[in-house]
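**Q** what's the 3D shape of this:
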Amino acid sequence: MLTTIIRRHGGSAASLEARRAFSIFPKIPLIKFFGIRRFIAQKTVNKFKPERVAILGPDLACLEWLMEAGATSVKMSDGTELTRISQMRAYIASQGFDLKKLPAIPPESLPPPLNPKILASESLFAERWAHAPKVHIEEVDGSDSAITDEGFQYFTECRGLKVMKLNHCDYFTDHAFRQLALGRPALTLRNFEVCLNPSISDSMVYWIIKLKALRRLHFYFLPYVANRAAVLRQLKMSLPKCAVTFPETNKLGYGYDG
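**A** Residues are numbered from 1 along each chain as shown. Sure thing, here's the model as predicted:
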């Protein structure tokens, strides 16, 4: 797992300059430094492996990736909450898989790409993954993890992801939201929170508004969003059933009310 090399400020929303001051490489420009860190993360734990998805099923493959990338916790549909890599390995073993002895799968045996017809049909989707364990991911707290855009492909076919919190995750960009919008999370994700990410811009709106199942959406301290008010207005108009919050950066912590 990639260790985080920029420390965070306890309960306050730190400025970018303050975060540079905490870096062990303070003379490297911040944008370039984030690029270096993202490249390292992308080439290590975030490399998407479709053969793992084919063998384990989308949810267990996603669980493995999340834990290896340093996610805070993952809650499964059977009520199990996993917070450590050792717990993840034991849990996957309990589902009948030995991660050290998974069979090899030739590329021609991989499932065909997911299409809108399968995505929209519960029966077709269930048939596609009939060989996979029925247990699935319901809640993800990926805060302080090293997940990147490429890794988000693991979310595409998660069966019933409902809650996702991604605070202090500065490795992923607007492109990550595309994977959510074009996959199952567009139909199942109800609660989504992203705070303190300097790599997200106004362009995220194009994909976020496709997450029609959302009922709560919270953003805070996204410094590269140029027009916060316009983004907030567009989100509220496009997601009328969702409680959307994106406060100004004048609150401590994660910008929650109260």
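**Q** give me the below-cutoff pLDDT ranges for the chain.
**A** 1-43, 252, 258 (pLDDT under 70).
**Q** contact partners for the residue nearest the centre of it?
**A** For the chain, F152 is the residue whose C-alpha lies nearest the centre (C-alpha atoms, centre = their mean; 5.8 Å). If you count contacts by C-beta atoms under 8 Å, 6 or more residues apart in numbering, F152 has them with F172, A176, Q179, L180. Any C-beta I mention is one placed from the backbone N, CA and C, and that applies to glycine too.
**Q** generate CSV for those, with neighbour count and secondary structure as supplementary columns.
**A** Formatted as CSV, the contacts of F152 follow (neighbours: other C-beta atoms under 10 Å; DSSP: H, G, I helix; E, B strand; the rest coil):
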residue, neighbour count, secondary structure
F172, 27, coil
A176, 25, helix
Q179, 21, helix
L180, 22, helix
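**Q** in a markdown table, list these along with distance to S203.
**A** Listed next are the contacts of F152 as a markdown table, based on distance: C-beta to C-beta, whole Å:
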| residue | distance to S203 |
| --- | --- |
| F172 | 13 |
| A176 | 12 |
| Q179 | 15 |
| L180 | 14 |
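**Q** the residues you listed: which two are farthest apart?
**A** F172 and L180 (10.7 Å; C-beta to C-beta).
**Q** now the strands for the stretch 1-150 of the chain?
**A** Taking DSSP state E, counting those that start in this stretch, the strands of the stretch 1-150 of the chain run over residues 73-76, 81-82, 137-141.
**Q** show me what the shortest one is packed against.
**A** Translated: strand 81-82. Contact here means 3 or more C-beta pairs under 8 Å, 6 or more residues apart in numbering; DSSP states H and E; on that basis strand 81-82 packs against strand 73-76.
**Q** list the buried ones in the strand it packs on?
**A** S73, V74, K75, M76 (16 or more other C-beta atoms under 10 Å).
**Q** which of those sits closest to F246?
**A** Looking across the buried residues of strand 73-76 and measuring by C-beta to C-beta, the closest to F246 is S73, at 24.6 Å.
**Q** L82 is in contact with the closest one, correct?
**A** Yes: S73 lies in contact with L82 (C-beta atoms under 8 Å); the separation is 6.7 Å.
**Q** follow-up on the earlier one: from A93, how far out is the residue nearest to the centre of the chain?
**A** F152 is 26 Å from A93, where distance means C-beta to C-beta, to the nearest Å.
**Q** cool, and I200?
**A** 36 Å.
**Q** and for stretch 112-124, what's in contact with it?
**A** F125, R128, T156, E157, G183, R184, L187.
**Q** what do you get if the cut-off is 6 Å, keeping everything else the same?
**A** Here stretch 112-124 makes contact (C-beta atoms under 6 Å, 6 or more residues apart in numbering) with F125, R128.
**Q** just how off-centre is that stretch within its chain?
**A** 21 Å (C-alpha atoms, centre = their mean, to the nearest Å).
**Q** mind listing the helices for the stretch 1-150 of the chain?
**A** Listed in chain order, the helices of the stretch 1-150 of the chain (DSSP state H, counting those that start in this stretch) span 16-21, 30-43, 50-56, 58-68, 85-94, 116-120, 122-128.
**Q** what comes up buried for the shortest one?
**A** It refers to helix 116-120. Residues of helix 116-120 classed as buried: I118, L119 (neighbour count, 16+ other C-beta under 10 Å).
**Q** just the CA atoms of it, as CSV, please.
**A** The C-alpha trace of helix 116-120 is given here as CSV (Å, rounded to 0.1, in the frame of the first residue of the first chain):
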residue,chain,number,x,y,z
PRO,A,116,-26.7,-0.6,-21.1
LYS,A,117,-29.2,-3.5,-21.5
ILE,A,118,-27.4,-5.6,-18.9
LEU,A,119,-26.9,-2.6,-16.7
ALA,A,120,-30.6,-1.8,-16.6
